[in-house]
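Visitor: here's a sequence, model it:
(chains A, B, C and D)
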Number of protein chains: 2
Amino acid sequence: MPTMIRARPLVVDVHRDPGVCLHCQARPYSVCNVIGDDDLDRLGQAAVTVTVQPGYSFIQEGDPAEHFFNVTSGTAKLFKLLPDGRRQVTGFAGVGTFLGLAVSTSYAFSAEALDVVRVCRFSRTKLRGLLDDFPALEKRLLEVASNELVVAQEQMLLLGRKTARERLASFLIARTALLPHCQGQNGKAGGASSKEQLHLPMTRSDIADYLGLTIETVSRTLSRFKGEKLIEIPSNTEILVLRHDTLEELATGLS
Amino acid sequence: MPTMIRARPLVVDVHRDPGVCLHCQARPYSVCNVIGDDDLDRLGQAAVTVTVQPGYSFIQEGDPAEHFFNVTSGTAKLFKLLPDGRRQVTGFAGVGTFLGLAVSTSYAFSAEALDVVRVCRFSRTKLRGLLDDFPALEKRLLEVASNELVVAQEQMLLLGRKTARERLASFLIARTALLPHCQGQNGKAGGASSKEQLHLPMTRSDIADYLGLTIETVSRTLSRFKGEKLIEIPSNTEILVLRHDTLEELATGLS
DNA sequence: CGTGTTATTGATAGATTTCAATCAATGTGG
DNA sequence: CCACATTGATTGAAATCTATCAATAACACG
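Guide: This is a model prediction of the structure:
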């Protein structure tokens, strides 16, 4: 049975500030990067900045979808619930993630902060206006949505057809791809070790709900990876990837 | 082990015809419906009509994504494969479905015709031009993509957290929603029977790969539904839904 | 009508879940 | 500063759902 406590959509801090967009550290990763410096204030005026404390949610599945969000710092988990409490985490939203694309009148998922999360919040109507004025923004959103679609299909493959080991390997590999130095990080030679350190802001329970497994299976599988010297587990929130390519093979179903 | 035979991307018939769009029976269900009658020829000139025979595929996962497609008749299955042949069907594309939204340079999935499928094919570059000229089309595509995203998240919930019974029930309910007379089809009173007849163009194997199960589990579960008088199975391709609301409860996890 | 494909049904096996206990990390209050 | 409680993670044993293996049965098609 999941926690379900403190799942109030409590939002802590709201403020607005002209010119923030220009120096926003999330800008290079966000849809905003298609807006020129000159027009950026126009964008900023349509948004408010919201800070969400860990454990609190800022989107509730089923609620009327009045806002769009852009994550500027921190990580949130996105999830859907069944009436009896079973949960499916559909994704983790990091810096630059645009949320709320659900066209319908209500949100299709909930979003809860894993650490302190800051988001830019746009009202539906104001964003509509922005899209009319900036066709490039609309194009960018289509791009974003298409990419998410590809990711979702990959996740369906994982959930429908991969073993627990393959799921965990896929998860770890996907996480390494998010690391800042995300290219040429390991040699091609078989068995080359790379030592990538992952920070996991989510709990084992979140990982389980993301991969369609139980906490216990996640824990057991990671322990086995550790025993096989594929990873190290310095702490509950850190994982050191020792054999990237072995995990990658596992993730794709080879072996 | 899946079939894997005749998975050649064989396309059978190609022809073009000015003015076809105007009388296309798929128009009301397609993205084209945002284009006015006057501009419709412009759209038609950018497309070619392709007929695909059952069992043949017109999109191959991994191939360079040179075209977009719009299904005008028939049904196709969309799927991804693991190297060892495990398959995940990510969706079924019926009349009006727009395909190829993958932004990247290569397709993220394969598409294979279940029955005779006709599609409108657009080259990437020509569609790009159309989008520049018709902002409404771009808006519509964003709408389509967002909707598919919602559907994909629902499918993740199914694959990650639902039981075999719940998956089959969800599948049947989703299929009834596609029926032409798709509103007010059954009374609210508990236990009301509705008798909706479903035509299933896909095999049990396709259903299994769609729901993350095996053929045997699909067959057994349907047989059990039959034994419980929830459905009838007049033929391999037809299913009669006797108790829509009972199945709906099952689908949502209330059982 | 054979003949091959697809679907059903049965028996068994196996991967993951469930139930349960232990351990570790963190925080509280006397 | 140290018992005590709380939460999250790990590990073990048993149960269960679904997969696998295997045999029929139903169907489509030439």
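Visitor: elements contacting the host helix or strand of residue A:160?
Guide: Element membership for residue A:160, per DSSP states H and E: helix A:135-161. If contacts are counted by 3 or more C-beta pairs under 8 Å, 6 or more residues apart in numbering or on different chains; DSSP states H and E, helix A:135-161 sits against strand A:87-93, helix A:124-133, helix A:164-177, strand B:76-81, strand B:87-93, helix B:135-161. In this view, the C-beta of every residue, glycine as well, is placed from N, C-alpha and C.
Visitor: so where's the stretch 1-150 of chain A uncertain?
Guide: A:1-13, A:15-16 (pLDDT under 70).
Visitor: for it, just list every one of the strands.
Guide: A:13-15, A:47-52, A:57-59, A:67-73, A:76-81, A:87-93, A:98-99, A:110-113, A:117-123 (DSSP state E, counting those that start in this stretch).
Visitor: quick one: contacts for the closest residue in space to residue A:202 that isn't next to it in sequence?
Guide: Once flanking residues are discounted, residue A:202 sits nearest to residue A:114: 5.4 Å by C-beta to C-beta, 6 or more residues apart in numbering or on different chains. Residues near residue A:114 by C-beta atoms under 8 Å, 6 or more residues apart in numbering or on different chains: A:54, A:74, A:75, A:76, A:77, A:92, A:201, A:202, A:206.
Visitor: please redo it, this time with the cut-off set to 7 Å
Guide: Going by C-beta atoms under 7 Å, 6 or more residues apart in numbering or on different chains, residue A:114 touches A:54, A:75, A:76, A:77, A:201, A:202.
Visitor: near DNA strand C, list only the ones from the residues you listed.
Guide: Residues of the contacts of residue A:114 in contact with DNA strand C (C-beta under 7 Å from any atom of the strand): none.
Visitor: excluding its backbone neighbours, what's nearest residue A:150?
Guide: Using C-beta to C-beta, 6+ apart, the nearest residue to residue A:150 is residue B:108, at 4.4 Å.
Visitor: hmm, the helix or strand containing residue A:221 touching DNA strand C?
Guide: Residue A:221 belongs to helix A:215-227 when assigned by DSSP H and E. Yes: using C-beta under 7 Å from any atom of the strand, we find that helix A:215-227 touches DNA strand C at A:216, A:217, A:220.
Visitor: quick check, the residue nearest to residue A:150 in contact with residue A:151.
Guide: No: counting by C-beta atoms under 7 Å, residue B:108 stays clear of residue A:151, with 9.1 Å between them.
Visitor: between the two, point out the one with more neighbours.
Guide: residue B:108 (25 against 16; other C-beta atoms under 10 Å in any protein chain shown).
Visitor: any idea how far the more buried one is from residue A:246?
Guide: When C-beta to C-beta, to the nearest Å is the yardstick, residue B:108 and residue A:246 sit 25 Å from each other.
Visitor: dump stretch A:219-237 to PDB, restricted to CA.
Guide: Extracted C-alpha coordinates of stretch A:219-237, given in PDB (Å, rounded to 0.1, in the frame of the first residue of the first chain):
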ATOM      1  CA  SER A 219      16.300  -4.200  -4.200                       C
ATOM      2  CA  ARG A 220      17.200  -7.800  -5.000                       C
ATOM      3  CA  THR A 221      18.100  -7.100  -8.600                       C
ATOM      4  CA  LEU A 222      20.400  -4.100  -7.600                       C
ATOM      5  CA  SER A 223      22.000  -6.300  -5.000                       C
ATOM      6  CA  ARG A 224      22.600  -9.000  -7.600                       C
ATOM      7  CA  PHE A 225      24.200  -6.400  -9.900                       C
ATOM      8  CA  LYS A 226      26.400  -5.400  -7.000                       C
ATOM      9  CA  GLY A 227      27.400  -9.000  -6.500                       C
ATOM     10  CA  GLU A 228      28.200  -9.300 -10.100                       C
ATOM     11  CA  LYS A 229      30.400  -6.100  -9.900                       C
ATOM     12  CA  LEU A 230      28.300  -4.300 -12.400                       C
ATOM     13  CA  ILE A 231      27.500  -1.500 -10.000                       C
ATOM     14  CA  GLU A 232      28.400  -0.200  -6.500                       C
ATOM     15  CA  ILE A 233      25.800   1.300  -4.100                       C
ATOM     16  CA  PRO A 234      27.600   3.900  -2.000                       C
ATOM     17  CA  SER A 235      24.300   5.100  -0.500                       C
ATOM     18  CA  ASN A 236      20.600   4.800  -1.000                       C
ATOM     19  CA  THR A 237      20.600   7.700  -3.400                       C
END
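Visitor: and it, how far out from the chain's middle?
Guide: In terms of C-alpha atoms, centre = their mean, to the nearest Å, the centre of stretch A:219-237 is found 22 Å from the chain centre.
Visitor: what's it in contact with?
Guide: Under C-beta under 7 Å, 6+ apart, the answer for stretch A:219-237 is A:164-165, A:168, A:199-201, A:204, A:239-243, A:246-247.
Visitor: residue of the stretch 1-150 of chain A nearest DNA strand C, please.
Guide: residue A:86 (8.5 Å; C-beta to the nearest atom of the strand).
Visitor: I figured that residue hits residue B:161, correct?
Guide: Yes: counting by C-beta under 7 Å, residue B:161 is a contact partner of residue A:86 at 4.5 Å.
Visitor: ok, back up a step: buried subset of the contacts of residue A:114?
Guide: A:75, A:76, A:77, A:201, A:202 (16 or more other C-beta atoms under 10 Å in any protein chain shown).
Visitor: could you check how far the first one is from residue B:179?
Guide: Looking back up the chat, that one is residue A:75. On the measure of C-beta to C-beta, residue A:75 and residue B:179 end up 41 Å apart.
Visitor: equivalent analysis for the fourth one, please.
Guide: Going from residue A:201 to residue B:179 by C-beta to C-beta gives 44 Å.
Visitor: and the stretch 151-255 of chain A, which residues reach DNA strand C?
Guide: A:163, A:164, A:165, A:212, A:213, A:214, A:216, A:217, A:220, A:236.
Visitor: at 10 Å what do you get?
Guide: Selection of the stretch 151-255 of chain A residues close to DNA strand C by C-beta under 10 Å from any atom of the strand yields A:162-168, A:208, A:211-221, A:224, A:234-237.
Visitor: what would the helices and strands packed on helix A:135-161 look like in TSV with distance to residue A:46?
Guide: As requested, the helices and strands packed on helix A:135-161 are exported to TSV (distance: least, C-beta to C-beta, whole Å):
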stretch	distance to residue A:46
strand A:87-93	20
helix A:124-133	4
helix A:164-177	32
strand B:76-81	36
strand B:87-93	34
helix B:135-161	18
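Visitor: and the ones you listed: which comes nearest residue B:43?
Guide: Closest to residue B:43 of these, according to C-beta to C-beta: helix B:135-161, at 8.4 Å.
Visitor: what comes up buried for that closest one?
Guide: In helix B:135-161, counting by 16+ other C-beta under 10 Å, buried: B:137-161.
Visitor: then stretch A:103-112?
Guide: Neighbour-count burial for stretch A:103-112 [16+ other C-beta under 10 Å]: A:103, A:107, A:108, A:109, A:110, A:111, A:112.
Visitor: ok, now stretch A:120-128?
Guide: A:120, A:121, A:122, A:126, A:127.
Visitor: ok, stretch A:235-244 next?
Guide: A:239, A:241, A:242, A:243, A:244.
Visitor: and if you look at stretch A:167-176?
Guide: A:167, A:168, A:169, A:170, A:171, A:172, A:173, A:175, A:176.
Visitor: export those residues to CSV and tack on pLDDT and distance to residue B:48?
Guide: Shown next, in CSV, are the buried residues of stretch A:167-176 (pLDDT from 0 to 100; distance: C-beta to C-beta, whole Å):
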residue, pLDDT, distance to residue B:48
A:167, 98, 41
A:168, 98, 45
A:169, 98, 42
A:170, 98, 38
A:171, 98, 42
A:172, 98, 44
A:173, 98, 39
A:175, 98, 43
A:176, 97, 42
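Visitor: tell me the one of the residues you listed nearest residue A:35?
Guide: Using C-beta to C-beta, the buried residues of stretch A:167-176 come closest to residue A:35 at residue A:175, 29.7 Å.
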